[in-house]
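*Asks:* got a predicted structure here, sequence first:
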Amino acid sequence: MALLVTLALLVSPLSDPAEEARARALETEIRCVVCQNEPISQSSADMAADMRALVRERVRAGDSDAEIRAFFAARYGDFVLLRPRIEAGALALWLAPLALLAIGAGLTWNALRRRPGEDFPPEPD
Amino acid sequence: MAGAVSGELGHALAVLALTASCAQAVLGLLARPPLAAAAAALAQAGAVALAASLALLIAAFVRSDFSFAVVAAHSHSAKPLLYKIAGAWGNHEGSMLLWCLVSSAFGAAFSLRRGPLSLGHWSRTLGVQGLVTAGALVYALILSNPFARLDPAPMEGAGLNPVLQDPALALHPPMLYLGYVGLSLPFSLALAALIEGEAGPAWARALRPWALIAGTCLTLGIALGSYWAYYELGWGGWWFWDPVENASFMPWLAAAALLHAGLVTERRGSLASWTVLLAILGFGLALLGTFLVRSGVLTSVHAFAIDPQRGVAVLVLLALAMGGGLVLYAWRAGRLDKPRGFAALSREGALVANNLGLSVACGTVLIGTLYPLLAEAVTGRLVSVGPPYFNLTFAPLMGALLLLAPLGPLLAWRRGDLGAAARRLALAFAAALGLALGVGLLLAPGWGAALGLGLGAWLVLGALVYLWARAGARFGKLAALPLGIWAAGLAHAGLGVFVLGAVGETSFKQERALLLLPGERTRFAGREVTLSGIEAAEGPNYYADRAIFSVDGRSIAAERRFYPASQTPTSEVAILSSWGGDLYIALGETSREAGPVRLSVRLYFNPMVQLIYGGAALMALGGALALVRRMRLRGEAS
């Protein structure tokens, strides 16, 4: 039994290096559901090992990255996606940095605008 | 019996300090000459009382007095002395007392000397700082009294969480608190400036050391925490955009912004109202950090002291501080600005761009951190915002900001000469671009990583160009440069070194998991790794299975420990550092059935990881030099 658990922790690498790389990238984006806040790539929990095996199974079956993310979200909820989906509900989250930048730049521009023809001689330290 | 009443004495001293801070608040805010001096004396007396109070708590930890509820819950008689002492702040109650002490001690340090500040500014700053300390003390005494007793006292304590028994983590909380609470004085200064209706160069000069202390201590505290996570949590990671990591990173960004905005106000008198706003919000972020860590509203690897009621109380303090501060700001900020114009291309312009970038970056981290809470409150759905989000939003923004960083210090105040600055930096830019292209084409880690490395090199070289230009392109003058110039150069170079390490480690790390028999060898990252043997070992308060590895003839050991006091297993990794990076070995399960003993092992090679911590150390050194320079200037002035 102990041996079985141990082997489960060591999910066998996929034979195709491109598929292996995809699986590894996906594993950093999926959250281990029994851990505090860890992706399955980093967790040593049995559950994370099972989830890693599942990622590899889906990659081997030829699913796209998006399909695999959707598969996990359907099975465990959106909670497992460390990369929140870009969708209508999460638009605020993804647009917020751009909105902040636009507002900040606008306010800065407005505050620092000077009358035309104003000159500022340079001053040394 | 030693310390029979030490708990009651410690409690009484804390109550005394609370009384002193309340009186300090009233007398300080009145801002009349004899009262202001009394407020200063009270600030110093309060700090002494709190220091004695914390000393009594530490003494209870040292002699394992389990009649103290916190000692019984978080200590153990068999724990090494360092962790008995550190245990005093390794728990919620003790850490809040430390928070109060730092706040009070900073107020006392500020009260020692008025300098060029007006009496009104000085006295009212002491008053607001008294309010801050009093608020924290009310919270600490009512909701998390560290001196609560148990009767009968248990014979033995429950022990400190073993993963927290670590030298880096003994220092991590005090450093972070020095940083968090370091932002309380800029807050007090900001409110005093709003009450007085003036925030000029003398005010900014009084503010900047505190922004420096906050920035330097946060840099060290975050780096210690990150280093601890790197070698203790066993997956070779050093930053995970975890909510609690973000909680300490946001005040760091605010302190960095404040440092740069304060520079403009100090030298030029401009941007006063913005500096005041930053000082208010920065302390808000520090309180928010305390709230996020203490309330446990966000699941996190670090939240080890969780109590919703206490969380709500911190939130109330946060609302009072921010509500009061921002209302005052809205009412009075209009009086502060005495704009002295500057062209967009000037030192001021560059520092404004710096502040825009840091503020938007900080806002992005804030939104990413709080979004799961908001989404759950609004839609009831649990979502996660993890590293991919921050890598896609924060990283490009910070990249753009860092691209501009070498330019700013080379521009003159008021109006800079972009052409001259660009000519000075041309060689550095070409070298950095060459590095990015070379890495991108030859090692092909992806263009994001190649550009990141180029950016790191650009920052380091840009800082060197800055020092060189300031020395008038003469080697002999480098040593004679003012400390402030060295401070800025080292801090910016340190940031570049950090970027090199962070990007290099993330892009080039290698990882492999395998099963090893004793005596079995494998090749990994150009090294020969042999599992030499597995043995039983015993520490002061744990038992361990120790796996000895031989790496190219050098011996390192990884352990799986068991702490009987708290019935917890932990894992200690083996690290072999070299100039290129760390070989890092973490243990998994041992199988004892089905034949020979095989050890499940995860091997990592983390290249350039030393640069991450070396960069942070350089940044902190820059901050420390700037502080030394300030103290020297003070010495000369008085």
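*Replies:* That came in fine, so what should we check first?
*Asks:* which of the residues in the helix or strand hosting B:Ala38 are buried?
*Replies:* Element membership of B:Ala38, judged by DSSP states H and E, is helix B:33-62. By neighbour count on 16 or more other C-beta atoms under 10 Å in any protein chain shown, the buried set for helix B:33-62 is B:35-36, B:38-54, B:56-62. Placement of C-beta: from N, CA and C, glycine included.
*Asks:* and stretch B:540-549, by the same measure?
*Replies:* Neighbour-count burial for stretch B:540-549 [16+ other C-beta under 10 Å]: B:541-542, B:544-549.
*Asks:* ok, now how distant is A:Ala92 from B:Ala78?
*Replies:* Separation of A:Ala92 from B:Ala78 (C-beta to C-beta, to the nearest Å): 52 Å.
*Asks:* the two: which is more packed in?
*Replies:* Between A:Ala92 and B:Ala78, B:Ala78 has the larger neighbour count (other C-beta atoms under 10 Å in any protein chain shown), namely 16 against 13.
*Asks:* what about the more buried one, which SS state?
*Replies:* State at B:Ala78, reduced to three classes by DSSP: H, G, I helix; E, B strand; the rest coil: coil.
*Asks:* give me every residue that touches it.
*Replies:* B:540-541, B:565 (C-beta atoms under 8 Å, 6 or more residues apart in numbering or on different chains).
*Asks:* what's the neighbour count on the closest residue to chain B within chain A?
*Replies:* Chain A approaches chain B most closely through A:Leu82 (2.6 Å), counting by C-beta to the nearest C-beta. Neighbour count for A:Leu82, taken as other C-beta under 10 Å: 23.
*Asks:* what sits closest to it if chain neighbours are left out?
*Replies:* B:Gly386 (2.6 Å; C-beta to C-beta, 6 or more residues apart in numbering or on different chains).
*Asks:* for B:Pro569, list each beta-bridge partner.
*Replies:* Judged by DSSP bridges, the bridge partners of B:Pro569 are B:Phe562.
*Asks:* hang on, it packs against B:Arg561?
*Replies:* Yes. With contact defined as C-beta atoms under 8 Å, B:Pro569 reaches B:Arg561; the gap is 6.7 Å.
*Asks:* neighbour count winner among those two?
*Replies:* More crowded of B:Pro569 and B:Arg561, by other C-beta under 10 Å: B:Arg561, with 21 against 11.
*Asks:* distance of that one from B:Val573?
*Replies:* Taking C-beta to C-beta, one finds B:Arg561 at 12 Å from B:Val573.
*Asks:* just A:Ile103 next, same as before
*Replies:* A:Ile103 is 45 Å from B:Val573, by C-beta to C-beta.
*Asks:* the two - which one has more neighbours?
*Replies:* Ranked by neighbour count (other C-beta under 10 Å), A:Ile103 and B:Val573 place B:Val573 first, with 22 against 12.
*Asks:* which residues touch the residue nearest to that one when sequence neighbours are not counted?
*Replies:* Distances taken as C-beta to C-beta, 6+ apart place B:Ala586 nearest to B:Val573, at 4.7 Å, with adjacent residues excluded. Taking C-beta under 8 Å, 6+ apart, we find B:Ala586 in contact with B:234-236, B:558, B:571, B:573, B:601-602, B:604.
*Asks:* B:Tyr542 now?
*Replies:* B:162, B:561-564, B:570.
*Asks:* of those, which is the nearest to chain A?
*Replies:* Out of the contacts of B:Tyr542, the member with the shortest distance to chain A (by C-beta to the nearest C-beta) is B:Thr570, at 11.9 Å.
*Asks:* isn't the closest one up against B:Pro162?
*Replies:* Yes. Taking contacts as C-beta under 8 Å, B:Thr570 lies within contact range of B:Pro162: 4.8 Å.
*Asks:* where do the contact lists of the two overlap?
*Replies:* Contacts common to B:Thr570 and B:Pro162, judged by C-beta under 8 Å, 6+ apart, are B:542, B:561, B:563.
*Asks:* let me know the pLDDT of the first one.
*Replies:* It stands for B:Tyr542. For B:Tyr542, the model assigns a pLDDT of 87.
*Asks:* show me the shaky parts of the chain.
*Replies:* As the question left the chain open, I've gone with chain A. For chain A, the stretches with pLDDT under 70 are A:1-12, A:114-119, A:124-125.
*Asks:* meant chain B, my bad for not saying
*Replies:* B:1-3, B:295-308, B:589-596, B:637-638.
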